[in-house]
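*Asks:* When you get a sec, could you give me coordinates for this:
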Amino acid sequence: MKEQSAWYLERWRSLDAWLHQHVGLWQSVPFYTPEPKWGELYPSLRHALLKLSDQEYEALAQDDDASQGWLSQWLPDLSIRSELLSGLNTHHNSNKADTCTLSEAQAPHMPERKRLQAGKLTHHLQPFEQSITDWCSGMGHLARTLAANGEQPVIGLEWNAELVKRGQTLIEASNRVNPSVKPSRVTLAQQDVMQLQGNSESWPKTPHIVALHACGDLHRHLLKEAVKAHQARISLAPCCFHLSHQNHWQPLAKATQHSALRGLSTELMRLAVQETVTATSRVSRQRETLNCWRLGYEALRQSLTQDSDYRPLASCSIKQLALGFSNFCLWAASQHQCSLPKDVNWDKWLVKGQQRHDQVKRDELLRHQFRRPLEVWLVLDYVIFLQESGYQVELTTFCERHLSPRNLLIDAKAQ
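*Replies:* Predicted structure coming up:
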């Protein structure tokens, strides 16, 4: 066990050094930065990226290994990336996981991807020996899956009262289809988990706490308070590390306090979760169109104001697409409290936006090489923190990345 403990720390140190060494390649955000500084250091690489055809780009964007190999022609140190990401245990036995996954009839109104994720996670965590709390349970999709695969009671904690109400309705419907799950075995409760303290009576009495894709401060609060509570078992698949009241990364482990990346902004931490697989092709196209419009408007604004600093915009609805590019620009200008001339050549600036969007995507091929290493680096801090707190910890992947890119699972048991 000491050997595994040392492995996690050594791997974190290697990632820390590698990420810091190449920070100049991933700290600038292509959407905000038309001319990244790394382009001056590697002009032939930048030229090759921008010359990629759409077909060549798509092939590289869909295959991390192929992208790594192609980029390594200019950046040989990228070849170390594969080694830094190796060694994590994987448990993806689909046949066995299928037996833990609720059928569509058993899981009314449960999104398909969430249903499969819950089944994979449940399979990985078996056997269950103690009662379970589902941390940030939403409508209880995971709680229902956990309860259907054991005799233990499951309590779901969720701050949104409406989700709790809807979840209870789904549990009742599920019980009618799957009577083997007694109603008393699954309970949802309205609770702001950020108010729970590990050294207080309010802390969950269940020995096992599970959290599937709890975000940022929600999962960090769980880890810190569960350690105070001497929780018997903690199973966490973290997500959205950047969602925090802090502006910078705050390491949890003692051994990671002197990281070369200390002070990393939460904005840069967002890179770790940029890979998504949940959007439909139609939604992806709509998102791309809006991004083109944002970039086209920004090019127009900078041309009029001579202000070269990117100015962010508030989120807007997909419904904005129905109003057209010109109306989008007028809305955006109102957000920035500036006016646009009446004789704007909208087609010209729309083309500018499309050109910038093509550039952004190609620059992101390089930046995205660092998103999984950054994610593993962040998660290893949690692993080391739990080890320092007296837990036996295993870090694995619980499902294939096409099902969820956020597939890292920390499973910690008190020794």
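
*Asks:* Pop out the phi and psi values for the most centrally placed residue in the chain.
*Replies:* Nearest to the mean C-alpha position of the chain, by Cα atoms, centre = their mean, lies Val273 at 3.4 Å. Phi and psi for Val273, reported as degrees, to the nearest 10, are phi -120, psi 20.

*Asks:* okay, and for the protein, where does confidence drop off?
*Replies:* 1-3, 91-95, 177-184, 276-280 (pLDDT under 70).

*Asks:* can you give me the strands for it?
*Replies:* 89-90, 132-135, 154-158, 186-190, 208-215, 233-239, 391-397, 408-414 (DSSP state E).

*Asks:* which helices and strands sit right next to the shortest one?
*Replies:* If I follow you right, that is strand 89-90. strand 391-397 (3 or more Cβ pairs under 8 Å, 6 or more residues apart in numbering; DSSP states H and E). Glycine gets a C-beta too; all of them are placed from N, C-alpha and C.

*Asks:* again with the second one
*Replies:* Under the contact criterion of 3+ Cβ pairs under 8 Å, 6+ apart, the helices and strands touching strand 132-135 comprise helix 141-148, strand 154-158, strand 208-215, helix 216-228.

*Asks:* now with 10 Å?
*Replies:* For strand 132-135, the packing partners by 3 or more Cβ pairs under 10 Å, 6 or more residues apart in numbering; DSSP states H and E come out as helix 141-148, strand 154-158, strand 186-190, strand 208-215, helix 216-228, strand 233-239.

*Asks:* among the ones you listed, which is the most enclosed?
*Replies:* The highest average neighbour count among the helices and strands packed on strand 132-135, using mean count of other Cβ atoms under 10 Å, belongs to helix 141-148 at a mean of 28.

*Asks:* Between strand 154-158 and that helix, find me the angle.
*Replies:* 170 degrees (axes from the mean of the first three to the mean of the last three Cα atoms, to 10 degrees).

*Asks:* Counting by contacts, list what helix 141-148 packs against.
*Replies:* When contacts are defined as 3+ Cβ pairs under 10 Å, 6+ apart, helix 141-148 packs onto helix 94-100, helix 112-125, strand 132-135, strand 154-158, helix 161-177, strand 186-190, strand 208-215.

*Asks:* one more time with 7 Å
*Replies:* Packing contacts for helix 141-148, counted by 3 or more Cβ pairs under 7 Å, 6 or more residues apart in numbering; DSSP states H and E, involve helix 112-125, strand 132-135, strand 154-158, strand 186-190, strand 208-215.

*Asks:* How about Thr145, nearest residue that isn't a chain neighbour?
*Replies:* Among residues not flanking Thr145 along the chain, Ala118 sits closest, at 4.0 Å (Cβ to Cβ, 6 or more residues apart in numbering).

*Asks:* and the one you found, how many neighbours does it have?
*Replies:* 26 (other Cβ atoms under 10 Å).

*Asks:* residues in contact with it?
*Replies:* Counting by Cβ atoms under 7 Å, 6 or more residues apart in numbering, Ala118 makes contact with His141, Leu142, Thr145, Leu212.

*Asks:* from these, which two are the most distant?
*Replies:* Using Cβ to Cβ, the pair of those lying farthest apart is Thr145 and Leu212, separated by 9.6 Å.

*Asks:* Give me the distance between the nearest residue to the residue nearest to the centre of the chain once chain neighbours are set aside and Leu19.
*Replies:* Nearest non-adjacent residue to Val273, counting by Cβ to Cβ, 6+ apart: Cys240, 5.6 Å away. Using Cβ to Cβ, to the nearest Å, Cys240 is found at 19 Å from Leu19.

*Asks:* same deal with Ser244?
*Replies:* Distance from Ser244 to Leu19, by Cβ to Cβ: 19 Å.

*Asks:* So between these two, which is more surrounded?
*Replies:* Each of Ser244 and Leu19 has its neighbours counted (other Cβ under 10 Å); Leu19 has more, 21 against 17.

*Asks:* Who are the contact partners of the more buried one?
*Replies:* With the criterion set at Cβ under 7 Å, 6+ apart, Leu19 makes contact with Leu261, Phe370, Pro373, Leu374, Trp377.

*Asks:* Of those, which belong to helices?
*Replies:* Those of the contacts of Leu19 mapping onto helices are Pro373, Leu374, Trp377, per DSSP state H.

*Asks:* on that earlier part again, would you mind giving the helices and strands packed on helix 141-148 as TSV with distance to Gln197 added?
*Replies:* TSV is the format used below for the helices and strands packed on helix 141-148 (distance: least, Cβ to Cβ, whole Å):
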stretch	distance to Gln197
helix 112-125	25
strand 132-135	14
strand 154-158	14
strand 186-190	17
strand 208-215	14
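
*Asks:* what's the closest of the ones you listed to Asp358?
*Replies:* helix 112-125 (29.3 Å).
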